[in-house]
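Trainee: from the sequence below, what's the structure:
(2 chains)
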Amino acid sequence: MSLIRKCTSTKPSSITVLNLLRESRCIKHLEQVHTHIIQKGYEQDHFIINQFISLCNVFSPDVSYATSVFEHVIQPNVYVWNTLIKGYSKKSSLVDCFVVLKQMRTSVNVIPDEFTFPSLVKSCSNVLALKEGEIIHGLLVRYGLDSDVFVGSSLIDLYGKCKEIEYARRVFDEISLKNEVIWTAMIVGYVYAGDLLEARKLFDEMPQRNVASGNAMIRAFVKFGDLSGAKKLFDSMPDKDVVSFTTMIDGYAKAGDMASARFLFDRSSNRDIISWSALMSGYAQNGQPNEAVKIFHEMLSMNVRPDEFIMVSLMCACSQLGRLDLANWVEHYMSQNSFDLNQVHIAAALVDMNAKCGNMERAKMLFEGMPKRDLVSYCSMIQGLSIHGCGSQAVDFFDRMLNEGLVPDDVSLKIILTACSRAELVKEGFRIFNLMTTKYSVKLSPDHYACVVDLLGRSGKLQDAYELIKSMPVEPHAGAWGALLGACKLHCDIEVGEEISNRLFELEPQNTGNYVLLSDIYAAANRWLDVALLRQKMSEKGLRKIPGCSSWYAFAALISFAIFNQSEHCISKKPRPRHPQPVKLNANRLVTGTLCGFDQFMNLVIDNTVEVNGNDKNEIGMVLIRGNSMVTIEALEPVA
DNA sequence: ATAGGGTTAG
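Mentor: Sure thing, here's the model as predicted:
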């Protein structure tokens, strides 16, 4: 820490101060050098002050320190001004930047030069401030600086990001001596404008390419879904850097091709945090949460420090796994490693993770503590409440969301309809459905209709559901019919059930689940002949009933729950009576409705009062894991 | 004499 003592063996001079500055690695060091500068009277030395402010821009979180030092300079030269402005561009608001620029322009003996503006234009482009950018462009023309390559590339970038491709092109054409950066910025501009052809044309016309231009073009191919074009270019590039690899990995991940993403990741010689992040988010977003967690551990074992992107991906994976133990560990890890839990993305992911892993109390607390609640966080809460059987609370949150002025989208509608249907809140479901179609004009998809069919079906309004499905303005998919068939099973309606089954057998002939549902309906009505006929039909088509194919941890949870309670019964071993009894309780709804406690629930299962079928086990398992953190699943091997 | 700037990745 004691920087001064280390370097003061030589005679104090400006060289010494510069050496001290060169050795500085943090604010603390700068403060020490600062006292030195004051003591030795270098406060008016432009060269030294410029270096000093430059380092403030690196180490200081805001512009306050740089500004206070700057204000002691009586006649700052253009270098010092430029460096100060760079700091403001990086760490302050656009308004403040303009204030400083104005001060610079009105001070005597200083004229802004080509170094003054690029960083300012960049901070405009960061926030898509087109108007402010145009003001600066005007100044650039007035000062005669608009044909400078540095100025030009920043302007092209700004106009490109703001989708003003014509302006960008005009700047591009005006620059007589174009370098690779100018070309690359223009290519990226066309990509923003959605014009892959023009981007490609420019790339082919470029007299000289470098890694960045190649990377930009890979990115363009990826963005327009041309993975093979991207790979071809990638393979042809003579110099590939981390960005090249990462862009390609990210491209594969976004296209859902995790095998190729992983292959490239393993082959890439130098990886950085973004390569890891691309891979992890790929696994998390393509429904492979276990792989994402594995990657995280691999990363830690290689001493790579995770950043907030990595943590968000990890939380996303955790949400899918519903593992409260992991969720708690992640939260603890983040607070131990001084992550800012109030950062929007982290806060949103935390709410989602806690909600989906069963800690609704924590989720609520985090949710209320958020500085701003957006659609996504509301959806996390609503979905969490829905999963845990708090349907009416979910509806309350939805209404609160609307009252806050947030405009619901198709995803939020799907979530709230599912919540209503689970909790049999038919009236509420329809109120929201109608509101969405009239007031908010949400675009309805077959999924939404499937939700409403499910809503009607579960509450016993089979005919209404049937009518709706027949009058849908969009083509109903198998999910909608399936929901209705499920409702037929629930309410033992043979007539409608048969009709729908036949439709489903045509729509998805390979789905044995539909046969099983119809078979269950016949069985419940003691129509064993029909059951037999159906079985025959299945085997004729070469279909076999696949017994409960839940994921292993659902089973593991059930078993470990039994072990935990020192119960000798293990429901997976307990035979259910072959002879059908009237359906008493539906396990899935019992659990999602949390009509009883877990102990009670297990007793009901063991007494066979509750029917547990293959699909239910999965959800029951999840709920058990969430409901009782003492049930650990890691101790168990996967159940085949 | 010196010093300050732009493009590509999650």
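Trainee: quick one, domains of chain A?
Mentor: With domains defined by the TED database, chain A comprises A:233-305, A:444-541.
Trainee: how long is the first one from one end to the other?
Mentor: Okay, so that is domain A:233-305. The first and final residues of domain A:233-305 sit 31 Å from each other (C-alpha to C-alpha, to the nearest Å).
Trainee: mind exporting stretch A:270-277 as CSV, just the C-alpha atoms?
Mentor: Provided in CSV are the C-alpha atoms of stretch A:270-277 (Å, rounded to 0.1, in the frame of the first residue of the first chain):
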residue,chain,number,x,y,z
ASN,A,270,-7.9,-18.7,-25.0
ARG,A,271,-11.2,-18.3,-23.1
ASP,A,272,-12.3,-15.4,-21.0
ILE,A,273,-15.3,-14.8,-18.8
ILE,A,274,-17.6,-14.0,-21.8
SER,A,275,-16.8,-17.4,-23.4
TRP,A,276,-17.8,-19.1,-20.2
SER,A,277,-20.9,-16.9,-20.0
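Trainee: which other residues reach that stretch?
Mentor: Contact with stretch A:270-277 is made by A:241-242, A:245-246, A:249, A:265, A:268, A:295, A:299, A:304-307, A:309-310, A:313, as judged by C-beta atoms under 8 Å, 6 or more residues apart in numbering. Any C-beta I mention is one placed from the backbone N, CA and C, and that applies to glycine too.
Trainee: thinking again about what came up before, got the domains of chain A as TSV, with distance to DNA strand B columns?
Mentor: As requested, the domains of chain A are arranged in TSV below (distance: least, C-beta to the nearest atom of the strand, whole Å):
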stretch	distance to DNA strand B
domain A:233-305	3
domain A:444-541	26
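Trainee: hang on, the earlier thing: which of the contacts of stretch A:270-277 sits closest to A:A349?
Mentor: Set against A:A349, the nearest of the contacts of stretch A:270-277 by C-beta to C-beta is A:S313 (8.7 Å).
Trainee: export the domains of chain A as TSV, with columns for distance to A:Y167 and mean pLDDT.
Mentor: As requested, these are exported to TSV (distance: least, C-beta to C-beta, whole Å; pLDDT from 0 to 100):
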stretch	distance to A:Y167	mean pLDDT
domain A:233-305	27	96
domain A:444-541	38	84
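Trainee: just the buried subset of the contacts of stretch A:270-277, please.
Mentor: Of the members of the contacts of stretch A:270-277, the ones counted as buried by neighbours, 16 or more other C-beta atoms under 10 Å, are A:242, A:245-246, A:249, A:265, A:268, A:295, A:299, A:304, A:306, A:309-310, A:313.
Trainee: returning to that earlier point: just the contacts of stretch A:270-277: which are in helices?
Mentor: A:V242, A:F245, A:T246, A:I249, A:F265, A:I295, A:M299, A:F309, A:I310, A:S313 (DSSP state H).
Trainee: the fourth one contacts A:L264, doesn't it?
Mentor: Yes - with contact defined as C-beta atoms under 8 Å, A:I249 and A:L264 form a contacting pair (5.1 Å).
Trainee: may I ask which helix or strand encompasses A:F203?
Mentor: Taking DSSP states H and E as the criterion, A:F203 maps to helix A:196-205.
Trainee: just want the angle from the helix or strand following that helix to helix A:196-205.
Mentor: Sequence-wise, the next helix or strand downstream of helix A:196-205 (DSSP H and E) is helix A:211-223. Interaxial angle of helix A:211-223 relative to helix A:196-205 (axes from the mean of the first three to the mean of the last three C-alpha atoms, to 10 degrees): 150 degrees.
Trainee: which neighbouring elements make contact with helix A:211-223?
Mentor: If contacts are counted by 3 or more C-beta pairs under 8 Å, 6 or more residues apart in numbering; DSSP states H and E, helix A:211-223 sits against helix A:180-192, helix A:196-205, helix A:227-236, helix A:242-254.
Trainee: out of those, nearest to A:R219?
Mentor: Nearest to A:R219 among the helices and strands packed on helix A:211-223 is helix A:242-254 (5.3 Å), distances taken as C-beta to C-beta.
Trainee: contacting residues around that closest one?
Mentor: For helix A:242-254, contacts defined as C-beta under 8 Å, 6+ apart pick out A:211-212, A:214-215, A:218-219, A:221-222, A:227, A:230-231, A:234, A:237, A:258, A:260-261, A:264-265, A:268, A:270-272, A:274-275, A:278-279, A:281-283, A:285-286.
Trainee: now the ones in helices among the contacts of stretch A:270-277 in a markdown table, with distance to A:H345?
Mentor: Listed next are the ones in helices among the contacts of stretch A:270-277 as a markdown table, based on distance: C-beta to C-beta, whole Å:
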| residue | distance to A:H345 |
| --- | --- |
| A:V242 | 23 |
| A:F245 | 24 |
| A:T246 | 19 |
| A:I249 | 21 |
| A:F265 | 23 |
| A:I295 | 19 |
| A:M299 | 19 |
| A:F309 | 8 |
| A:I310 | 12 |
| A:S313 | 10 |
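Trainee: name the residues of whichever helix or strand A:K414 is part of that come out as buried.
Mentor: Taking DSSP H and E as the definition, A:K414 sits inside helix A:410-422. By 16+ other C-beta under 10 Å, the buried positions in helix A:410-422 come out as A:S412, A:L413, A:K414, A:I415, A:I416, A:L417, A:T418, A:A419, A:C420, A:S421, A:R422.
Trainee: hmm, A:P446 and the third one touching each other?
Mentor: No - A:K414 lies out of contact with A:P446 (C-beta under 8 Å); the separation is 10.9 Å.
Trainee: overlap of the contact sets of those two?
Mentor: Common neighbours of A:K414 and A:P446 (C-beta under 8 Å, 6+ apart) do not exist.
Trainee: got the confidence number for the closest residue to A:A423 other than its chain neighbours?
Mentor: Spatial nearest neighbour of A:A423, chain neighbours left out: A:G391 (2.3 Å); criterion: C-beta to C-beta, 6 or more residues apart in numbering. The model reports A:G391 with a pLDDT of 91.
Trainee: neighbours of A:N511, just the number please.
Mentor: By other C-beta atoms under 10 Å, 15 other residues sit near A:N511.
Trainee: gap between it and A:L518?
Mentor: Using C-beta to C-beta, to the nearest Å, A:N511 is found at 12 Å from A:L518.
Trainee: name the SS class of the residue in the stretch 351-500 of chain A positioned nearest to DNA strand B, please.
Mentor: Residue nearest to DNA strand B within the stretch 351-500 of chain A: A:V376 (16.2 Å; C-beta to the nearest atom of the strand). Following DSSP: H, G, I helix; E, B strand; the rest coil, A:V376 is assigned to helix.
Trainee: double-check A:S24 against A:L30; I have them as touching.
Mentor: Yes - using C-beta under 8 Å as the test, A:S24 is close enough to A:L30 to be in contact (5.5 Å).
Trainee: so between the two, which is more surrounded?
Mentor: A:L30 (23 against 20).
Trainee: CA atoms of the helix or strand that contains the more buried one as PDB?
Mentor: Applying DSSP H and E as the criterion places A:L30 in helix A:27-40. Taking C-alpha atoms only, helix A:27-40 is exported to PDB below (Å, rounded to 0.1, in the frame of the first residue of the first chain):
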ATOM      1  CA  ILE A  27      -7.600   5.100  -5.800                       C
ATOM      2  CA  LYS A  28      -5.600   4.800  -2.600                       C
ATOM      3  CA  HIS A  29      -2.400   5.000  -4.600                       C
ATOM      4  CA  LEU A  30      -3.700   8.000  -6.400                       C
ATOM      5  CA  GLU A  31      -4.500   9.800  -3.200                       C
ATOM      6  CA  GLN A  32      -0.900   9.200  -2.000                       C
ATOM      7  CA  VAL A  33       0.400  10.600  -5.300                       C
ATOM      8  CA  HIS A  34      -2.000  13.500  -5.000                       C
ATOM      9  CA  THR A  35      -0.500  14.700  -1.700                       C
ATOM     10  CA  HIS A  36       2.900  14.400  -3.300                       C
ATOM     11  CA  ILE A  37       1.800  16.500  -6.300                       C
ATOM     12  CA  ILE A  38       0.600  19.200  -3.900                       C
ATOM     13  CA  GLN A  39       3.700  19.100  -1.800                       C
ATOM     14  CA  LYS A  40       6.100  19.400  -4.800                       C
END
